[in-house]
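Visitor: Sequence and predicted structure below; questions after.
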Amino acid sequence: MSAIRSYLKKHTEALVKDVGIEPACELTGKSKATLGRYYSDHAEHADRFMPIDAVAELEEAASYPHVTAALSELKGITLSFDERRRNTKDKGGVNSDVIALSQRFAMLMAEYNQSIEDGVITVNEAKRLLKETVALQQVLIDMKLHLEEETA
């Protein structure tokens, strides 16, 4: 099996396991055996992949878009994943974005200060810094969108 096929099957398995096998069966209308074939690395299932509509259904329920991220990584594309999933649309505009930006930056600097205190940034500290950096990036994206709305 090619490296790409194996990579996609591993991410398909991660997606199904993220959602849970029983809920995945309900969401997709597929049996456990069928879902298992989509991520099986046995030669007889090498050409079987999950249909894109099933991937979309599962990624909606999952904590992370495993297959979409894998496909983007294979093409060298970086995704920006927004975990917030807000119930209402943000109505703040640029002024609230500036406040959110300064707050997020302060949180990033506080996290960095705490992480570098002993002179070494551990894996867990790096993960926390990355999370804060992504949150800061999302504020900048929101700000960019609000600025584009105002100039349109």
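Guide: That came in fine, so what should we check first?

Visitor: mean confidence score for the longest helix anywhere in the chain?
Guide: Longest helix in the chain by number of residues, with DSSP state H as the criterion: helix 123-151. Per-residue pLDDT over helix 123-151 has a mean of 87.

Visitor: So which other helices or strands are in contact with that helix?
Guide: Using 3 or more C-beta pairs under 8 Å, 6 or more residues apart in numbering; DSSP states H and E, the elements in contact with helix 123-151 are helix 94-116. C-betas here are computed from N, CA, C, even on glycine.

Visitor: Report the inter-axis angle for the helix it packs on versus helix 123-151.
Guide: 170 degrees (axes from the mean of the first three to the mean of the last three C-alpha atoms, to 10 degrees).

Visitor: list the helices and strands helix 94-116 packs on?
Guide: helix 123-151.

Visitor: helices and strands of the chain: which one bottoms out on pLDDT?
Guide: Sorting the helices and strands of the chain by mean pLDDT, DSSP states H and E puts helix 123-151 at the bottom, at a mean of 87.

Visitor: What are the buried residues along that helix?
Guide: For helix 123-151, burial by neighbour count (16 or more other C-beta atoms under 10 Å) applies to 125, 128, 129, 132, 135, 136, 138, 139, 142, 143, 146.

Visitor: just the residues you listed now: which is nearest residue 70?
Guide: Within those, proximity to residue 70 (C-beta to C-beta) peaks at residue 138, which comes in at 21.7 Å.

Visitor: and the gap between the closest one and residue 77?
Guide: Applying C-beta to C-beta, to the nearest Å, the value for residue 138 to residue 77 is 18 Å.

Visitor: Domain ranges for the protein, per the record?
Guide: 3-74, 94-151 (automatic domain parsing).

Visitor: what's the neighbour count on residue 66?
Guide: 23 (other C-beta atoms under 10 Å).

Visitor: What is the neighbour count of the closest residue to it other than its chain neighbours?
Guide: Closest residue in space to residue 66, ignoring its immediate chain neighbours: residue 15 at 4.0 Å, by C-beta to C-beta, 6 or more residues apart in numbering. Neighbours of residue 15 under the rule other C-beta under 10 Å: 28.

Visitor: and residue 15, what does it touch?
Guide: If you count contacts by C-beta atoms under 8 Å, 6 or more residues apart in numbering, residue 15 has them with 55, 58, 59, 62, 66, 67.
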